[in-house]
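[1] give the three-dimensional model of this entry:
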Amino acid sequence: MAVQKVLVVDDSKTELMFLTDLLQKKGMQVRCAENADEAFRCLAEEKPDLILMDVVMPGQNGFQLTRAITRDPQYADVPIIMCTSKSQETDRVWGLRQGARAYITKPVDPAELQAKIDALG
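    Okay, here's the model as predicted:
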């Protein structure tokens, strides 16, 4: 599966800009959401091929949002890669248990992110 459309969910404008730039240079279309409400609005408007998900956000956190998305039959097939500063092994395990396909800690290494995206195919 070639990833063309990516939804980046992160409350940090710096991270949104960094990830958007990185993905656009790879030829991907990027949409951004800063919280769970915006993420669901984006999902309703256009289903992405991939979601990059932060964990620490106001309101619903990335673990909760990942669980909600992966349990929704409409979006359950959209892979989620968590990109977060939470670097404990327990966080990684918990993220994967919520339905994420991969877990990357910040600062995001572009090569690692590309490898995780390639592994989805």
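[2] how about the strands in this structure?
    Taking DSSP state E to define them, one finds strands in the chain at 5-9, 29-33, 50-53, 80-84, 102-105.
[3] can you give me the pLDDT of the residue nearest in space to the middle of the chain?
    What sits nearest the mean C-alpha location of the chain, by CA atoms, centre = their mean, is Leu52, with 1.4 Å. You'll see Leu52 listed with a pLDDT of 98.
[4] could you measure it against Glu15, distance?
    From Leu52 across to Glu15, the span is 9 Å (CB to CB, to the nearest Å). For glycine as for every other residue, the C-beta is placed from the backbone atoms N, C-alpha and C.
[5] where in the protein is pLDDT low?
    1 (pLDDT under 70).
[6] for it, which helix is longest?
    The longest helix of the chain (DSSP state H) is helix 13-25.
[7] what's the angle between that one and strand 5-9?
    Helix 13-25 and strand 5-9 are oriented at 170 degrees to each other (axes from the mean of the first three to the mean of the last three CA atoms, to 10 degrees).
[8] angle of helix 13-25 against strand 80-84?
    Using the same axes, to 10 degrees, helix 13-25 lies at 140 degrees relative to strand 80-84.
[9] what's helix 13-25 packed up against?
    The contact analysis (3 or more CB pairs under 8 Å, 6 or more residues apart in numbering; DSSP states H and E) places helix 13-25 against strand 5-9, strand 29-33.
[10] deepest of the ones you listed, which one?
    Each of the helices and strands packed on helix 13-25 was assessed for mean neighbour count using mean count of other CB atoms under 10 Å. The highest is strand 5-9, with a mean of 23.
[11] for it, what is the distance to the chain centroid?
    Taking CA atoms, centre = their mean, to the nearest Å, one finds strand 5-9 lying 6 Å from the centre of the chain it belongs to.
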